[in-house]
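Student: take a look and give me a structure for this.
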Amino acid sequence: MAKDRCVLAYSGGLDTSVAIQWLREVRDLDVIALAVDVGQERQDLEFVRLKALDIGAVESIVRDVREEYVEDFLSRALKANALYENKYPLLSAMSRPIIVKHLVDEAHRTGARCIAHGCTGKGNDQVRFEVGIAALDPDLEVLAPVREWDLCTREAEMDYARAHGIPVPTTKASPYSIDDNLWGRAIECGVLEDPWAEPPEDIYTLTSDARGESCAEPEYVELSFERGLPVALDGAGRSFHEIIVAMNGIAGRNGFGRIDMIENRLVGVKSREVYEVPGALALIQAHKALEDLCLEREVLHYKLGVEQKWAELVYNGLWFSPLKEALDGFLDSTQKLVAGDVRLRFYRGSCTTVGRRSPYSLYDYGLATYDEADTFDHKAAEGFIELWGLPTRVWARQRRKVGHEGEV
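Tutor: Numbering: from 1, shown residues only. Prediction:
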């Protein structure tokens with residue numbers, strides 16, 4: 001009798017490598033390992049594919065979805081200037097929905113009755129996987145081996161791996177957990193769990209130390225946008241994918257894009273998170289600078305609230321949700337005339353917007369200048385202030401009955 005099949009979200013790391021053996025041994029399942037290429041920098045994915053087979057997967061697949069990730073996912077993040085808690089550009093949260101989409105596709109293709117992931121019981125990713133899978137196929141069963149097994153520490157997992165002949169990249173001397181994709185890198189565990197401890201320099205691979213000589217000279221770049229997305233770098237037409245890769249290199253070598261923050265997880269835990277997101281942060285900064293020029297004031301102000309809500313929904317695993325879909329419609333509408341050029345200067349870990357221009361600019365030199373070219377009707381301001389301040393004057397007169405003007 002054939003065994004039931006399970007599609008495992010496979011990264012090649014400690015948790016999912018151990019999970020292959022555990023699903024076979026404890027759940028008696030045939031495991032199909034799926035590694036999704038979203039631009040990981042650190043791994044040879046062919047090695048990862050073969051490793052899953054060596055551990056015991058009946059099938060091992062690597063799917064390159066980088067173009068789809070850029071076009072259908074990261075483009076939406078940039079339009080939303082997505083920053084969770086106004087700091088973190090959602091690099092892990094952005095990759096989970098596309099991984100979920102391909103896990104479900106693979107389950108349907110192979111007739112698997114369940115999907116497994118390697119997330120822990122106190123992280124955000126378990127929510128993102130399971131709610132996402134439920135949105136795309138609520139009949140699929142989800143297994144979370146790390147929540148079930150009695151391997152309570154990473155050291156115990158490493159001991160289990162060694163006992164079963166499973167090669168793992170993590171050692172007790174270097175216990176970091178890393179997640180990365182085109183949008184950046186997330187580094188956790190080890191000494192980073194002490195929020196007072198300064199992150200050691202050797203955890204960084206995308207960004208230079210801003211104190212070093214490599215960051216001692218300023219570097220300028222010019223980004224060109226159409227409909228809210230970058231289309232050229234320094235005047236040369238490039239795909240969004242190519243621009244992300246290039247900006248990771250430019251911003252990273254100038255020491256820009258490191259984040260060290262205390263983050264509020266969905267499950268209620270505060271965690272210390274370290275990120276390297278040079279390209280993502282630089283692109284969001286440039287995009288926001290162009291929106292400042294092109295968006296009407298009320299749209300711009302309203303969009304700030306939408307951006308925060310959009311980031312919160314995605315962070316909390318609700319990429320596939322009706323509210324997020326509706327917000328995408330609003331964001332698309334705002335981007336129709338977000339076009340033009342932005343010039344950035346990188347210097348010793350900083351990124352500064354030093355120029356912006358657009359054929360759809362709402363900046364009017366005649367209205368803004370204080371020199372003789374001024375076209376602003378200064379006399380009109382008197383009537384404007386009279387009407388704008390009318391409610392305040394009415395309130396102040398009433399306030400005299402119980403106190404003094406200006407007291408609230």
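Student: residue nearest the centroid of the chain?
Tutor: Centroid-nearest residue in the chain: Leu90, 2.1 Å away (criterion: CA atoms, centre = their mean).
Student: Leu266 versus the residue nearest to that residue when sequence neighbours are not counted, what's the distance?
Tutor: Sequence neighbours aside, Ala82 is the residue nearest to Leu90 in space, at 5.2 Å (criterion: CB to CB, 6 or more residues apart in numbering). Every C-beta, even on glycine, is put in place using the N, C-alpha and C of the backbone. To Leu266, Ala82 is 16 Å away according to CB to CB, to the nearest Å.
Student: tell me which of those two has more neighbours.
Tutor: Remark: of Ala82 and Leu266, Ala82 carries more neighbours, 26 against 14, as counted by other CB atoms under 10 Å.
Student: OK, contacts around that one?
Tutor: Arg76, Pro89, Leu90, Met94, Ile284, Glu307, Trp310, Ala311, Val314 (CB atoms under 8 Å, 6 or more residues apart in numbering).
Student: apply 10 Å and report the result again.
Tutor: By CB atoms under 10 Å, 6 or more residues apart in numbering, Ala82 lies in contact with 74, 76, 88-90, 93-94, 183, 280, 284, 307-308, 310-315, 331.
Student: now, those residues that are in helices?
Tutor: Counting by DSSP state H, the contacts of Ala82 place 76, 93-94, 280, 284, 307-308, 310-315, 331 in helices.
Student: where do the strands sit along the chain?
Tutor: For the chain, strands defined by DSSP state E occupy the ranges 5-9, 30-37, 59-64, 114-116, 141-143, 177-181, 184-188, 219-226, 229-233, 236-237, 258-264, 270-276, 340-347, 350-357.
Student: Throw those into JSON lines and include distance to His164 and mean pLDDT, thanks.
Tutor: Converted to JSON lines, those look like this (distance: least, CB to CB, whole Å; pLDDT from 0 to 100):
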{"stretch": "strand 5-9", "distance to His164": "16", "mean pLDDT": "98"}
{"stretch": "strand 30-37", "distance to His164": "14", "mean pLDDT": "97"}
{"stretch": "strand 59-64", "distance to His164": "17", "mean pLDDT": "96"}
{"stretch": "strand 114-116", "distance to His164": "17", "mean pLDDT": "97"}
{"stretch": "strand 141-143", "distance to His164": "18", "mean pLDDT": "97"}
{"stretch": "strand 177-181", "distance to His164": "20", "mean pLDDT": "89"}
{"stretch": "strand 184-188", "distance to His164": "25", "mean pLDDT": "94"}
{"stretch": "strand 219-226", "distance to His164": "49", "mean pLDDT": "98"}
{"stretch": "strand 229-233", "distance to His164": "46", "mean pLDDT": "98"}
{"stretch": "strand 236-237", "distance to His164": "51", "mean pLDDT": "98"}
{"stretch": "strand 258-264", "distance to His164": "34", "mean pLDDT": "96"}
{"stretch": "strand 270-276", "distance to His164": "30", "mean pLDDT": "94"}
{"stretch": "strand 340-347", "distance to His164": "47", "mean pLDDT": "98"}
{"stretch": "strand 350-357", "distance to His164": "46", "mean pLDDT": "98"}
